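> Fold the following.
(chains A and B)
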Number of protein chains: 2
Amino acid sequence: MRSFQELSVFFEQEVNKRFFPEEPKNLYDAAQYIIGIGGKRVRPILVLMGNEIFGEVGQDAFKVAASIELFHNFSLIHDDIMDKAPLRRGAETVHIRYGESTALLAGDVMLVRAYEEIASINASSLHSIFTLFNRTAKEVCEGQQMDMDFENREEVLQDEYLQMITLKTSVLLAASLQMGAILGGADEVDQAHLYDFGKNLGIAFQLQDDYLDAFGDPDKFGKQVGGDIIANKKTFLLIHALENANSQMRNELIELLGNNEVDKVARVLQIFRACGVDQWANAQKEHFFNLAMNHLHALRVDEAKKKPLIDLAGFLIQRES
Amino acid sequence: MRSFQELSVFFEQEVNKRFFPEEPKNLYDAAQYIIGIGGKRVRPILVLMGNEIFGEVGQDAFKVAASIELFHNFSLIHDDIMDKAPLRRGAETVHIRYGESTALLAGDVMLVRAYEEIASINASSLHSIFTLFNRTAKEVCEGQQMDMDFENREEVLQDEYLQMITLKTSVLLAASLQMGAILGGADEVDQAHLYDFGKNLGIAFQLQDDYLDAFGDPDKFGKQVGGDIIANKKTFLLIHALENANSQMRNELIELLGNNEVDKVARVLQIFRACGVDQWANAQKEHFFNLAMNHLHALRVDEAKKKPLIDLAGFLIQRES
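Presented below is the predicted three-dimensional model:
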């Protein structure tokens, strides 16, 4: 069993190629550009890891891994247009560099290119991979729509928030693992365990991201701490605080959301702590992490084969216990 | 053999359903909306016609037809965003009605939905249909990019223009027919003839559209006559005029392109006529129409089976001879 880092080296060779024709130059340079600015390639490597648990990693796994990475980058280009984001991975976003129309079209052609990789795999796995890919792609779009809809809503329930992050983020991690398992010849029970491992790990990771945005160490956290608070994002933390604060703190919180005073972040964090949001968020993260690990344990393969995924989960989710 | 009109009735029943789940409502209502505002459904009916030449129209043909119509509507939503178009088929465009972000995402999810139809067809045709779909989808994106690139270029060559309209418009008509032929069990030679019939007919139709925009009868032509001239669109007519006018007329034409005086359309048309652009454009249309018909004649099936396509070609392309 190879580790994430070892498989990373292999995949990086695979992804370091031109995926697109030369012409029309604007279109394909824009598409190639975002592939080139990197990222951790977690999703495609999950395809390889999911495969390696059940069988030797063959050419189809690299094709599906490439397809997943192309899909992920398609969604980043379009999300960045919708969010009007200037930067991605520290570099200019595609629409800033190439214009919105070309970025939109580069996303489209990247999605088609992702399907080209799927179309090239062996007929024996084609239907199940293609079907799972389609379902997941729709869900990712649904998650992005929910995220946008939440911005315009007064109230968002915790369950709705969980559904949104599941669709927007987790199902692609889950499907990547399951596609690997399909290619490795896993049966449906083990496929489902691996899918649910990925899904719950993804939720834990997203909750951790929300937590770190508020309570993270500014020196260690890669982004501006308090960014979600400044932007009034309806994160799990804010939703919980609004649901659990007493009426005085709740009113203060609502008032703080309506302004942008210099001490906004500090005062919101104070209320978060007073409501126990920090401990609760950690407990939630732990809950979903444990759910993920339970599905990994239930997988009917040698424990040794699970080690790379256990290591990866431990690397992605920082735990205090 | 059923006519376009007869197959139209069948397909309209098929397309008059909800293709999408209920939630997230904004996303899926936006996607469903554009399907509902109609259109002639030429492309999906070409799938059915291509099929019926070679064999009975089965469920897979309706799935592929629906897929093609979904793909076409995906491209319309995204094109309308790029073109900032307020109207489509006389109704508000999706981005005007639902906002740009939701329209972008509705296009994305519609493309995925198109692939879902493909994924559901019989395994025996899946690979060839899927591969042709992917190639065509990429080409349509390339055509749209070329069209946008031309707007910012001083000079566009006739061959480049032909390539652009072929990719942007014709290949989808061609592929629709070929997909039908694949499902009907045609061999590769007949598939290619039907593809080339569709491709050349599409080019003839686009050239006719350019012609009618300039020389059409305002009472019969559905759009504003002279719209391309006002917008300085680099149509086949303008490209030919710039290449063939004498230096005095050429200079006058360039000067006219730089202004928007009230008599602009009339004066440009005068130059077009003086250069013989009208006759030349008609001859070009005739040329591509004849190429299309040659491929139809070469098809190795009973002449009677070709009649619906001959009728459709005659209906789409108005001819003087």
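
> Give me the number of neighbouring residues for A:Leu291.
A count of nearby residues for A:Leu291, using other CB atoms under 10 Å in any protein chain shown, gives 17. In short, each C-beta sits where N, CA and C put it, glycine included.

> Show me what the mean pLDDT comes to for the helix or strand harbouring it.
Using DSSP states H and E, A:Leu291 maps to helix A:277-298. pLDDT averaged over helix A:277-298 equals 97, rounded to a whole number.

> And it, how far out from the chain middle?
Taking CA atoms, centre = their mean, to the nearest Å, one finds the center of helix A:277-298 at 17 Å from the center of the full chain.

> Render the CA-only coordinates of that helix in CSV, please.
Provided in CSV are the C-alpha atoms of helix A:277-298 (Å, rounded to 0.1, in the frame of the first residue of the first chain):
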residue,chain,number,x,y,z
VAL,A,277,-19.6,27.2,20.1
ASP,A,278,-15.9,26.4,20.1
GLN,A,279,-16.3,23.2,22.1
TRP,A,280,-19.4,22.2,20.3
ALA,A,281,-17.8,22.6,16.9
ASN,A,282,-14.9,20.5,18.0
ALA,A,283,-17.3,17.8,19.3
GLN,A,284,-19.1,17.9,15.9
LYS,A,285,-15.9,17.5,14.0
GLU,A,286,-15.0,14.6,16.3
HIS,A,287,-18.4,13.1,15.7
PHE,A,288,-18.1,13.1,11.9
PHE,A,289,-14.4,12.0,12.1
ASN,A,290,-15.5,9.0,14.2
LEU,A,291,-18.3,8.2,11.7
ALA,A,292,-15.7,8.2,9.0
MET,A,293,-13.4,5.9,10.9
ASN,A,294,-16.2,3.5,11.7
HIS,A,295,-16.9,3.0,8.0
LEU,A,296,-13.2,2.5,7.4
HIS,A,297,-13.0,-0.1,10.1
ALA,A,298,-16.1,-1.9,8.7
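
> I'd like the next helix or strand past it.
Downstream of helix A:277-298, the next assigned helix or strand under DSSP H and E is helix A:303-316.

> by how many degrees do that next one and helix A:277-298 diverge?
160 degrees (axes from the mean of the first three to the mean of the last three CA atoms, to 10 degrees).

> Rounded mean pLDDT for helix A:303-316, please.
What helix A:303-316 shows for mean pLDDT is 96.

> buried sites along it?
For helix A:303-316, the neighbour count (16 or more other CB atoms under 10 Å in any protein chain shown) marks A:Lys306, A:Pro308, A:Leu309, A:Leu312, A:Ala313, A:Leu316 as buried.

> Residues contacting that helix, please?
Residues outside helix A:303-316 that contact it (CB atoms under 8 Å, 6 or more residues apart in numbering or on different chains) are A:1-4, A:7, A:42, A:49, A:52-53, A:197, A:201, A:205, A:289, A:292-293, A:296-297, A:299.

> by contact count, what packs against the helix or strand containing A:Ala61?
Secondary structure assigned from DSSP H and E places A:Ala61 in helix A:59-83. When contacts are defined as 3 or more CB pairs under 8 Å, 6 or more residues apart in numbering or on different chains; DSSP states H and E, helix A:59-83 sits against helix A:4-15, helix A:25-36, helix A:42-54, helix A:94-98, helix A:100-119, helix A:123-151, helix A:171-184, helix B:100-119.

> List phi and psi for the residue of the stretch 201-321 of chain A found nearest chain B.
Closest residue of the stretch 201-321 of chain A to chain B, CB to the nearest CB: A:Lys234 (15.3 Å). With angles defined as degrees, to the nearest 10, A:Lys234 sits at phi -80, psi 70.

> A:Val94 versus A:Pro21, what's the distance?
Look at A:Pro21 and A:Val94: by CB to CB, to the nearest Å, they are 18 Å apart.

> before we move on, the earlier item: quick check: the gap between the residue of the stretch 201-321 of chain A closest to chain B and A:Glu151.
Taking CB to CB, one finds A:Lys234 at 8 Å from A:Glu151.

> Who are the contact partners of the closest residue to A:Ala245 other than its chain neighbours?
Of all residues not flanking A:Ala245 in the chain, A:Cys275 sits nearest, at 5.0 Å (CB to CB, 6 or more residues apart in numbering or on different chains). By CB under 8 Å, 6+ apart, A:Cys275 lies in contact with A:His240, A:Ala241, A:Asn244, A:Ala245, A:Met249.

> Report the buried members of the residues you listed.
Buried subset of the contacts of A:Cys275 (neighbour count, 16+ other CB under 10 Å): A:His240, A:Ala241, A:Ala245, A:Met249.

> Could you export stretch A:56-72 as CSV, CA atoms only?
Extracted as CSV, the C-alpha positions of stretch A:56-72 are listed here (Å, rounded to 0.1, in the frame of the first residue of the first chain):
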residue,chain,number,x,y,z
GLU,A,56,-3.4,-3.1,-8.5
VAL,A,57,-3.7,0.5,-9.8
GLY,A,58,-4.1,0.3,-13.5
GLN,A,59,-4.4,2.8,-16.3
ASP,A,60,-8.1,3.3,-15.8
ALA,A,61,-7.5,4.6,-12.3
PHE,A,62,-5.2,7.3,-13.6
LYS,A,63,-7.9,8.2,-16.2
VAL,A,64,-10.6,8.5,-13.6
ALA,A,65,-8.2,10.4,-11.3
ALA,A,66,-7.5,12.9,-14.1
SER,A,67,-11.2,13.1,-14.8
ILE,A,68,-11.9,14.0,-11.1
GLU,A,69,-9.2,16.6,-11.1
LEU,A,70,-10.5,18.1,-14.3
PHE,A,71,-14.0,18.2,-12.8
HIS,A,72,-12.8,19.8,-9.6
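
> List the buried residues for it?
Buried, per 16+ other CB under 10 Å, within stretch A:56-72: A:57, A:60-72.

> How far away from the center of its chain is it?
Averaging C-alpha positions (CA atoms, centre = their mean) puts stretch A:56-72 17 Å from its chain's average.

> Which phi and psi values does A:Ala192 adopt?
Taking degrees, to the nearest 10 as the convention, A:Ala192 sits at phi -70, psi -40.

> Relative to chain B, which of the buried residues of stretch A:56-72 is nearest.
Nearest to chain B among the buried residues of stretch A:56-72, with distances taken as CB to the nearest CB, is A:Phe71, at 9.9 Å.
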